[in-house]
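1. could you look at this predicted model? Sequence included:
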Amino acid sequence: MLRFIVRRLLQLIPTLGGLSILLFVWLQRLPGGPEYALLPDDATAEQRAELRRSLGLDEPVMVQYLAFLRRIAQGDLGTSLTTGRAVTEEFLTRFPATVELSVTAMLIAVTAGIPLGYLAARRRGSVLDVAAVGGSLLGICTPVFFLAFILKVVFAEKLGILPSAFRLSPGTNRTDLSGLVVLDGLRTGEFDVVWNALLHLALPGVALASIPLAVIVRMTRASVLEVVGEDYVRTANAKGLHRNTVRTRHVMRNALLPVVTSVGLLTGALFSGAVLTESVFAFPGIGSFIYEATQTRDYPVLTGFILLIATMYVFINLLVDISYSLLDPRVRAQ
Amino acid sequence: MSSSTPLLAVDELSVVFGGHGSDEVRAVDGVSFTLEEGRVTGLVGESGCGKSVTSLALMGLLPDRGVRVGGSAVMQVPGGTADLLKLSQRRMRDLRGSQMAMIFQDPLSSLNPVVPIGRQVTEILRRHRGMRGSAAAKEAAELLDRVGIPDPERRLREYPHQLSGGMRQRALIAMAVACRPRVMIADEPTTALDVTIQAQILELLKNLVTEEGTALLMITHDLGVVAGLCDDINVLYAGRAVEKAPRAPLFAQPTHPYTVGLLGSIPRLDAPRGEPLTPIRGSINDNIAWTRGCAFAPRCDHYTMECLQGPPDLVAVGAAAGVEGGGGSTGAAAEHVHRCVNPVRGADTADRSAPESPAAVGEDEEAQG
Ligand SMILES: Nc1ncnc2c1ncn2[C@@H]1O[C@H](COP(=O)(O)OP(=O)(O)OP(=O)(O)O)[C@@H](O)[C@H]1O
Ligand code: SF4
Ligand SMILES: [Mg+2]
C-alpha cells in the first residue's frame, strides 16, 4: 500500500511538469497581456513595454520557464499582478470557500443520485426511470454556466427566496476558525451563521451538482441493473435473507464500487464547474478568482492556481483509490 | 422409504415465460416427481431442457414478472404442508435457507466478492437461527470444518477470490446445510470443477444426505455424474420428463431413445483409446412442439409417423404406449415409466453397450455428418 501511494505521488512530478509547460505555451499564445489590463487605457506604448520588461515578459519563453521552475523549487509561486499578494496566500484565503461549495455539490449529487439511480433501476421502464434517465442526460448536456444563470434569475431575482451572491449576507459577524463557514459556525454554535451560509450555498451548490448528479444517477442505475442479475444476489435470496439485507449487503455494496471511482473523477468536473459557478454567484472562491485572473492576464495566479488544483485532483483521486481498495478486497490483494 | 409421504411432491409443474401466444416459451411442461427423506432424485437432460427453471420455480426464485407457473409442489413444513408455488414471497423467504436450500453451478460467481466468507455463512445463521456474534462465528467454523474446509477460522476471514474452486463450492454447501434444511437442490454443483474435485463434492453431498436424511434434488446434464449418487432419475427433454426410473433399471434397461443416447455419450472406461463418443446428433433446438408430437423426433433414430400424432404419454415400461389418452402412469407399480411410442428394446440396448462394433460406429458417423 505504501509503495502504491509513493508511486502515485511520484507520478505527480511528470504530470505537473507537463501541465506547467502547457500552461506557459497557452499563456504565451493568449492575445493581450497584463500591460493592457493593469495600465489605464491612455498609457503610452513605452509604459506598456516598460511593464512587460519589469515583469520579465520580454524574455524568451524558455528563460521565463526556467526562472519559474527555479522559484517553484523554493516553494514560491510568485506574486499576483493585480493584488500584489503572494499567489499561495491568495489561494489559501479563497480555497475554503471552494471546498465548502464543492463538498456541498458533491453531497447533493451523492445523496440524491444514488437513491435515484437505485430506484430507476429497480423500477426499470417506469415513469421515474424514464424521468431519471432523461433528466440526467439533460443535466450532462446543460452547460453549468447556463444552469447557474437560470437558477439565479428564477430563484434569486424573480422569486427572491434565495440569495444570489457571496457566502454570507453583508454585515454578518462570525468567528473565523478555518475559513469553512458552515463548519466554524457549527463548532462555535453560531447557528444563524450556519443557516445563512447554507442559504448562500444552495443555488451555486445545485448548479455545480448538476453534472456529478447526472453522472452518479446513470452510473448507479447501470451498476444496480448489472448487479441484481448476479449469481450472488440469487444466492442471497436463496438463503432467505431479508429483502433489506439483500439490498444493502449484496446489491448496493457491489453496485457502488464503480460509483466510488466516478466520484474521484468527477472532482475534475467539479473544479472546472466551480470557475463558472463561482463567477455567476460572486462566490469568493478560487474559481471566481481564476476567472478574474484570466480577464486581467494575471499569469502567476493562473499558473499557480491551476497547478495547485491539479495537485489537489491527484490527491483526491489517490484518496478515492485508497478507499476503493478498502471496499473491494480483490483490489486490495494486488 | 418410498411408501412414506414424500417431503416434497411436485405435480404437473409448468413454467411459461413471456405472455402472448406464440412468443411464449414453455420451459417446463408438466413435470412431476417426489423428493423423499434420505434419497437423491436426479433431474437429467441437456442444456436448456428446463432443469434450472424447475429448481428456481420450487425455490420461488423466478423473476417476478413475465412468468406463469402452474401445477403444485406440496412440501412438508413445520406444522403441516404447504404448496410452494402458492406461498407468499414472505413465507418463501422464511422457508428458503431454513427448510430448503440450493447449491448453484458456478461457485465463484455465486459468492459475494466483497463480503468475507464468514459473514456469508453467519448471515444465514442469524436470519434463521437467531445466532449472533461469537456463537455464530463458532458455528460457522464448525460448518466449514464439517464440509471439509481445513483451517476454518482463517477461511472465515477470507474472501471468495482467496479460495480454490472446490473450497468455494464447499463453502456454499456449508451455507446450504447451515440450518439443516430438509430439502436441498443442487444445480450442476460440479460442472465448474476439476474431475477429482467433482468426485469429492459428490461424496460430500452423498454423506450429508445419508447423515442428515436430507432429500436431495440433483440436477445435471451428465448421467455419469449421477450414476453413483441418484436413487431415482428423471430424464427431461424440452421441458417434459421422457423417462423416469430408479437408478438400477434406468442404467440397465433404458428404454427411451434419448436416455439411450445420453448413456451412449458417456465416456466408457473400458472403451479402447481413441474410441469416439457417440453423442446424440443434432441439438436441443432441433425439436418440435410437444403438442404436435414427440419433441425428440427430429433427432430420433426410432421415429415413425406415429410419433408425430400428438404428444406421447408417460406410460409404464412394458405397457402398450398410446398417443393421447393412452392412460398415463399406471399407479405405484409403474416405477419405470417412459414417454415413447417406439421404445428401445433389449436388442437395441445391446447395440449401445457394444459401441466397438464397426457397424455401429459407422452408423453414428454417418448420422453426425
Ligand atoms: N428468464 C427467462 N426468460 C425467458 N426464457 C427463459 C428464462 N430462463 C430460462 N428460459 C428458457 O427456459 C429454458 C430452460 O432453461 P433452463 O435454464 O432451465 O435450462 P437448463 O436445463 O438448466 O440448462 P443448462 O444445462 O444450460 O443449465 C431455456 O430454453 C431458456 O431459454
Ligand atoms: S416417441 Fe418416437 S420420436 Fe419420440 S423418442 Fe420415441 S421413437 Fe423417438
Ligand atoms: Mg441450468
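-> Perfect, I can see it now. Please read all numbers here as calculations on a predicted model, not as lab measurements. Residues are numbered from 1 along each chain as shown, chains lettered A, B, ... in the order given. Ligands and ions are numbered 1, 2, ... in the order given.

2. which residue, neighbours along the chain excluded, lies closest to A:I21?
-> In this structure, A:I21 finds its nearest non-sequential neighbour in A:Y65, 7.2 Å apart by C-beta to C-beta, 6 or more residues apart in numbering or on different chains. Every C-beta, even on glycine, is put in place using the N, C-alpha and C of the backbone.

3. residue contacts, the closest residue in space to A:F155 that isn't next to it in sequence?
-> The shortest distance from A:F155 to any non-neighbouring residue, by C-beta to C-beta, 6+ apart, is to A:L162 (4.7 Å). Shown in contact with A:L162 (C-beta atoms under 8 Å, 6 or more residues apart in numbering or on different chains): A:155-156, A:199, A:202-203.

4. that older thread, residues of the strand or helix carrying the residue nearest to A:I21 that come out buried?
-> If you go by DSSP states H and E, A:Y65 is part of helix A:61-73. Of all the residues in helix A:61-73, those buried under the rule 16 or more other C-beta atoms under 10 Å in any protein chain shown are A:64-65, A:68, A:72.

5. which element is the residue of the stretch 151-300 of chain A found nearest ligand 2 on?
-> Closest to ligand 2 within the stretch 151-300 of chain A is A:R234: 33.9 Å, counting by C-beta to the nearest ligand atom. In the assignment (DSSP H and E), A:R234 maps to helix A:231-238.

6. what's next to that helix, contact-wise?
-> Residues contacting helix A:231-238 (C-beta under 8 Å, 6+ apart): A:227, A:245-246, A:249-251, A:254, B:59, B:61, B:93, B:96-97, B:101-102, B:104, B:106, B:109-113, B:172, B:175.

7. what about it and ligand 1, any contact?
-> No: Helix A:231-238 lies out of reach of ligand 1 by C-beta under 6 Å from any ligand atom, never closer than 11.9 Å.

8. next up, the contacts around the most centrally placed residue in chain B.
-> Nearest to the geometric centre of chain B sits B:I219, at 2.1 Å (C-alpha atoms, centre = their mean). Shown in contact with B:I219 (C-beta under 8 Å, 6+ apart): B:42-44, B:51-52, B:54-55, B:185-188.

9. what is the neighbour count of the nearest residue to B:E142 once chain neighbours are set aside?
-> Distance criterion C-beta to C-beta, 6+ apart; nearest residue to B:E142, sequence neighbours excluded, is B:P152 at 7.6 Å. Here the number of neighbours of B:P152 (other C-beta atoms under 10 Å in any protein chain shown) works out to 21.

10. just the strands in the stretch 51-200 of chain A please.
-> Using DSSP state E, counting those that start in this stretch, the stretch 51-200 of chain A contains no strands.

11. what's the separation between B:G80 and B:V74?
-> Shown here: B:G80 relative to B:V74, a distance of 10 Å by C-beta to C-beta, to the nearest Å.

12. typed the wrong thing, it's A:T267
-> A:T267 sits 58 Å away from B:V74 when distances are taken as C-beta to C-beta.

13. the residue of chain A found nearest ligand 1: neighbour count?
-> Nearest residue of chain A to ligand 1: A:G229, at 10.1 Å (C-beta to the nearest ligand atom). Neighbour count for A:G229, taken as other C-beta under 10 Å: 10.

14. got it, and B:I284?
-> For B:I284, the count of nearby residues is 16 (other C-beta under 10 Å).

15. likewise B:G165?
-> By other C-beta under 10 Å, neighbour count at B:G165 equals 15.

16. I'd assumed B:D106 was in contact with it.
-> No: applying C-beta atoms under 8 Å, one finds B:G165 not in contact with B:D106, separated by 9.3 Å.

17. what residues do the two have in common as contacts?
-> B:A192.

18. longest helix in chain A, by number of residues?
-> As assigned by DSSP state H, the longest helix anywhere in chain A is helix A:191-228.

19. for that one, buried residues please.
-> For helix A:191-228, a neighbour-count test (16+ other C-beta under 10 Å) marks A:193-194, A:196-197, A:200-224, A:227-228 as buried.

20. in the stretch 151-300 of chain B, what residue is nearest ligand 1?
-> As assessed by C-beta to the nearest ligand atom, ligand 1 sits closest to B:H221 within the stretch 151-300 of chain B, at 4.8 Å.

21. just for chain A, where's the confidence low?
-> Within chain A, the set of residues satisfying pLDDT under 70 comprises A:332-334.

22. so what's the residue of it found nearest chain B up against?
-> Closest approach between chain A and chain B, counting by C-beta to the nearest C-beta: A:G240, at 3.4 Å. With contact set as C-beta under 8 Å, 6+ apart, A:G240 has these partners: B:92-98, B:124, B:127-128.

23. now these: which count as buried?
-> For the contacts of A:G240, a neighbour count by 16+ other C-beta under 10 Å gives the buried set as B:92-93, B:95-98, B:124, B:127-128.

24. now the two most distant members of those residues.
-> In the buried ones among the contacts of A:G240, two members sit farther apart than any others by C-beta to C-beta. They are B:M92 and B:I124, at 15.1 Å.

25. which positions in the helix or strand containing B:A176 come out as buried?
-> Assigned by DSSP H and E, B:A176 belongs to helix B:165-177. Buried residues in helix B:165-177, defined by neighbour count with 16+ other C-beta under 10 Å: B:166-177.
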